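Enquirer: below are the sequence and a predicted model; questions follow.
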Amino acid sequence: MKGNGRKNKAAVFLALGLAVCSGIPVYAYEGTQMIRADEHTVDTWNLGDDDIIIYFSEAGNGMRVVDDILYDLQFKDENGNIYNLEEPVAHEQCKTHQFVMGEVSKHKKNSNGGCTVKIYEAKRCKVCGYAETGALISENNYNPCPH
């Protein structure tokens, strides 16, 4: 009988030891960090050597919205600089375009008080401001419009 008691105790300690050891890898990774600062939420994803930071604000309906719509038609370059594309550009005077890659955002108000934002691959001449739009990256509908 005493042998069975020792086996039961050993099984219990073994099970507890395995449960503790299986939880150790969870503590090896950093989780997502949320920081509140100046009416914005900053999300940071740790991806090894590179961290990605994205600025969001909370819309009235709880949807998170990217806060970089300054114009209804705009170009955002790889460095985050935003240029208004609503004004016509005389690009015929530019002899050789020097394009930088980025995204074009088209913001359109809807009759229901919401909006639609379409984001396209694009390139813009840094000399004359001429922009060419490529493939659609994303289309987002918001109700109400937070922009």
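Expert: Here it is on my side, so go on. Numbering: from 1, shown residues only.
Enquirer: any idea what the residue lying closest to Phe99 once chain neighbours are set aside is bridged to?
Expert: Distances taken as CB to CB, 6 or more residues apart in numbering place Lys123 nearest to Phe99, at 4.1 Å, with adjacent residues excluded. Every C-beta, even on glycine, is put in place using the N, C-alpha and C of the backbone. In this entry, Lys123 is beta-bridged to Met101, Glu132, by DSSP bridges.
Enquirer: how much space between Lys123 and Gly102?
Expert: 7 Å (CB to CB, to the nearest Å).
Enquirer: re earlier: neighbours of the residue nearest to Phe99, just the number please.
Expert: Neighbours of Lys123 under the rule other CB atoms under 10 Å: 19.
Enquirer: tell me the contacts of it?
Expert: Counting by CB atoms under 8 Å, 6 or more residues apart in numbering, Lys123 makes contact with Phe99, Val100, Met101, Gly102, Ala131, Glu132, Gly134.
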